[in-house]
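**Student:** Just need the structure, nothing else, for what follows:
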Amino acid sequence: QVQLVESGGGSVQAGGSLRLSCAASGFTYGARCMGWFRQAPGKEREGIAVVYSYGTTQYADSVKGRFTISRDNAKNTLYLQMNSLKPEDTATYYCAADRVDWGFLPRYTYWGQGTQVTVSS
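**Tutor:** Okay, here's the model as predicted:
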């Protein structure tokens with residue numbers, strides 16, 4: 001059974017940093033496209049960072065230069081380092097995985113339960 005479990009969310013002041021983790025189990029981790037999405041109240045879920053099955057990364061313009069996605073295949077864990085956080089980064093953050101390279105499309109087969117990030121001004 002595939003499971004994705006996020007952790008690392010919390011409350012931080014603007015300008016601060018957080019690192020999210022997503023522990024994956026139940027599939028061949030290294031062969032997957034994995035991404036981070038976020039959803040703020042009243043807004044659609046948006047893709048913000050992706051690492052494709054062949055290793056290339058991609059970022060949404062809203063987080064480029066501030067967030068870094070990475071994965072540790074030995075630990076089956078995906079990370080999102082978030083620096084220079086802004087109040088508009090406040091959202092529930094989700095990790096997602098699939099064999100297909102969906103990129104920022106929210107069509108992934110597997111999703112975590114989400115972790116809340118709140119940035120105060």
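**Student:** going forward, measure contacts and count neighbours with C-alpha atoms only.
**Tutor:** OK.
**Student:** And the residue nearest the centre of this structure?
**Tutor:** W36 (2.3 Å; C-alpha atoms, centre = their mean).
**Student:** That one contacts A96, correct?
**Tutor:** Yes - W36 sits in contact with A96 when judged by C-alpha atoms under 8 Å, with a separation of 6.4 Å.
**Student:** For the residue nearest to the centre of the chain, list each beta-bridge partner.
**Tutor:** Beta bridges link W36 to A49, C95 when assigned by DSSP bridges.
**Student:** now the strands for the protein?
**Tutor:** 3-7, 10-13, 18-25, 33-39, 46-51, 57-59, 67-72, 77-82, 91-98, 110-111, 115-120 (DSSP state E).
**Student:** list the buried ones in the second one?
**Tutor:** With burial defined by 16 or more other C-alpha atoms under 10 Å, the residues of strand 10-13 counted as buried are V12.
**Student:** Would you list the strands that that strand pairs with, along with their directions?
**Tutor:** Going by DSSP bridges, the partners of strand 10-13 are strand 115-120 (parallel).
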